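J.: Need the 3D shape of this:
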Amino acid sequence: MKGKILKAAIWLALALTVATTVNAADGWIKVAGGEWDPTPKMLNDLKAQIESYVSSRAKAQGQELKNWEDYTFQYQGQEEKGRKFIFINALCSQRDRQGLDKKMVVIFDGGSCYFNVKYDPSLKEFFDLFINGEA
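T.: Reported below is the predicted structural model:
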């Protein structure tokens, strides 16, 4: 019985490792410590809309984004005043992604290389977009 439990635990750990690696490979990294875990469907809905939303809002603010493929995205399920949302932190591509799953990277300045936005999965809406300024 212990052998079966051990095998199941190993397979679960392996599956989680693969899932995290696949997610990180596409530039999306879940950050530990969130208040809740977004579902894969929530993330797919978010990913399908985020580029269009951020690009149009950036243009309206007179900002020009970097190439979308150059961004790495950190995300975390958060809650504020009973409202669940996914916090997305975008930064210019990081070759060394080590540690990006541990805590959000906070950068001051840097312009459109860095931005963050919140996504309400129940309303399927983005809000509170903040694009960094230039020093």
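J.: by contact count, what packs against whichever strand or helix holds N89?
T.: Applying DSSP states H and E as the criterion places N89 in strand 83-92. Secondary-structure packing of strand 83-92 (3 or more C-beta pairs under 8 Å, 6 or more residues apart in numbering; DSSP states H and E): helix 40-60, strand 71-80, strand 114-120. Just so you know, the C-beta spots here come from the backbone N, C-alpha and C atoms, and that holds for glycine as well.
J.: Give the pairing partners of the shortest one; include direction for each.
T.: As defined by DSSP bridges, the strand partners of strand 114-120 come to strand 83-92 (antiparallel), strand 125-131 (antiparallel).
J.: Deepest in the core, which of those is it.
T.: strand 83-92 (a mean of 20; mean count of other C-beta atoms under 10 Å).
J.: that older thread, for the strands paired with strand 114-120, give me a markdown table that also has distance to P40.
T.: A markdown table is the format used below for the strands paired with strand 114-120 (distance: least, C-beta to C-beta, whole Å):
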| stretch | distance to P40 |
| --- | --- |
| strand 83-92 | 12 |
| strand 125-131 | 19 |
